[in-house]
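# Just to be clear, the model below is a prediction. Sequence and coordinates:
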Amino acid sequence: TNNILEVHELKKHFPIKSGLLQKTSGYIKAVDGISFSIKKGETIGLVGESGCGKSTIGRTIIRLYEPTDGQILFKGQDISHLREAELRQSVRKNIQMIFQDPFASLNPRKTLRSILKEPLNVHKKYSGKERDEHVGLLLEKVGLNASFINRYPHEFSGGQRQRIGIARALALHPELIIADEAVSALDVSVQAQIINLMEDLQEEFGLTYIFISHDLSVVRHISDRVGVMYLGNLMELAPKQDLYTEPLHPYTQALLSAVPVPRKKGTTQRERIVLEGDLPSPANPPSGCVFHTRCSAATSECKQIIPKFKEIKKEHYVACHLYN
Ligand code: SF4
Ligand code: MG
């Protein structure tokens, strides 16, 4: 298999504690049975509204969380339940995460030298001079100047800080990078620069990306395949061309109807589909298809039976009874 990552029926439920004794009164089903795999060098985009579980799945794959159920295979190794010491051996340097606000995760009192050297201290035995050289190289790789090494995070713009965040993620030569809303806080022109940089780095280092965002246009640009999440479930997953031009799932169709999408000649923009009702609580998701409370195509079957996530066309998966 050339899959770098396989996720099988992954679940992450968070207990809801209440009362004086902090008894568990229920669970937030943030990720509720998701399966997909990624080939080396590929980019998968995960989209969905806030609260759909896309951040949780990223944090579970990187093992900031332990899965409640299911499996995570990284290069064939089951990392689902590894302990911290074992994670440090293999996973921690091979899978890195880039977050929305790099500033929040950069210590304001540290220079770029010490911020970017930190990961090296843990994993490698370099001399001080070698580390400085390595940090300088990292800065150049992300389009910054090696002489910035003595500066502090507040001296940089949002886009430059995200470059620093990327440099830090790259420090240990990871194979998989999970970007969670990595460009969402940036201006559109800066977003494009960061995405271009990520594409260049992917080519140079053979990186694999999971690109998480609520923004369908950003995801469309960078991804090979795109998955659409709703209430902890993957509703549809397809090569991006298929997903954006022929979405099958009613939820994907609704999401796409709200954004202008470049269309084939002779076709028109899809009519806007407005979703009725509110997003249900992930503590108490609807029975059957979790989307049935807001789906105009829902039948009585949808309220009772959970649709299987099935391959309808080559590499095009959808979880919906309309396609049985
Ligand atoms: Fe709508 Fe039913 Fe399909 Fe769910 S399974 S998306 S409710 S048609
Ligand atoms: Mg999020």
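On my side now, so go ahead. Ligands and ions are numbered 1, 2, ... in the order given.

# Wasn't S35 part of a helix?
No - assessed with DSSP: H, G, I helix; E, B strand; the rest coil, S35 is strand; it does not lie in a helix.

# For it, give me its contacts.
7-10, 70, 234, 309 (CB atoms under 8 Å, 6 or more residues apart in numbering). C-beta here means a position set from N, CA and C on the backbone, and glycine is covered the same way.

# JSON lines please, covering those residues and showing pLDDT.
Shown next, in JSON lines, are the contacts of S35 (pLDDT from 0 to 100):
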{"residue": "V7", "pLDDT": "98"}
{"residue": "H8", "pLDDT": "98"}
{"residue": "E9", "pLDDT": "98"}
{"residue": "L10", "pLDDT": "98"}
{"residue": "G70", "pLDDT": "98"}
{"residue": "L234", "pLDDT": "98"}
{"residue": "F309", "pLDDT": "97"}
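
# Just among those, which is most surrounded?
L234 (28 neighbours; other CB atoms under 10 Å).

# and that residue, what is it in contact with?
For L234, counting by CB under 8 Å, 6+ apart, the contacting residues are 34-36, 227-228, 309, 317, 319.

# chain center to the lowest-mean-pLDDT helix or strand in the chain, what's the gap?
Ranked by mean pLDDT, DSSP states H and E, the weakest helix or strand in the chain is helix 102-105, scoring a mean of 70. The chain centre lies 18 Å from the centre of helix 102-105; the measure is CA atoms, centre = their mean, to the nearest Å.

# same question, stretch 75-88
The mean C-alpha position of stretch 75-88 is separated from the chain mean by 19 Å, CA atoms, centre = their mean.

# Up against ligand 1, what does this structure have?
The chain has residues 249-250, 289, 291-292, 295, 297-298, 302, 307, 320-322 near ligand 1, with proximity defined as CB under 6 Å from any ligand atom.

# go with 5 Å
250, 289, 291-292, 295, 297-298, 302, 307, 320-322 (CB under 5 Å from any ligand atom).

# Now intersect these with the strands, please.
Counting by DSSP state E, no part of these is found in strands.

# In JSON lines, list the residues you listed along with pLDDT and distance to F99.
Converted to JSON lines, the residues of the chain next to ligand 1 look like this (pLDDT from 0 to 100; distance: CB to CB, whole Å):
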{"residue": "P250", "pLDDT": "97", "distance to F99": "32"}
{"residue": "C289", "pLDDT": "98", "distance to F99": "32"}
{"residue": "F291", "pLDDT": "97", "distance to F99": "29"}
{"residue": "H292", "pLDDT": "97", "distance to F99": "34"}
{"residue": "C295", "pLDDT": "96", "distance to F99": "33"}
{"residue": "A297", "pLDDT": "95", "distance to F99": "37"}
{"residue": "A298", "pLDDT": "96", "distance to F99": "36"}
{"residue": "C302", "pLDDT": "98", "distance to F99": "36"}
{"residue": "P307", "pLDDT": "97", "distance to F99": "33"}
{"residue": "C320", "pLDDT": "98", "distance to F99": "32"}
{"residue": "H321", "pLDDT": "98", "distance to F99": "37"}
{"residue": "L322", "pLDDT": "97", "distance to F99": "37"}
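
# Using ChimeraX, define a selection of the buried residues within those residues.
The ChimeraX selection below is limited to those of the residues of the chain next to ligand 1 classed as buried (16 or more other CB atoms under 10 Å):
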select :250,289,291,292,295,298,302,307,320,321
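
# Including distance to P119, could the residues of the chain next to ligand 1 go into a markdown table?
Listed next are those as a markdown table, based on distance: CB to CB, whole Å:
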| residue | distance to P119 |
| --- | --- |
| P250 | 44 |
| C289 | 43 |
| F291 | 41 |
| H292 | 45 |
| C295 | 45 |
| A297 | 49 |
| A298 | 48 |
| C302 | 47 |
| P307 | 43 |
| C320 | 43 |
| H321 | 47 |
| L322 | 47 |
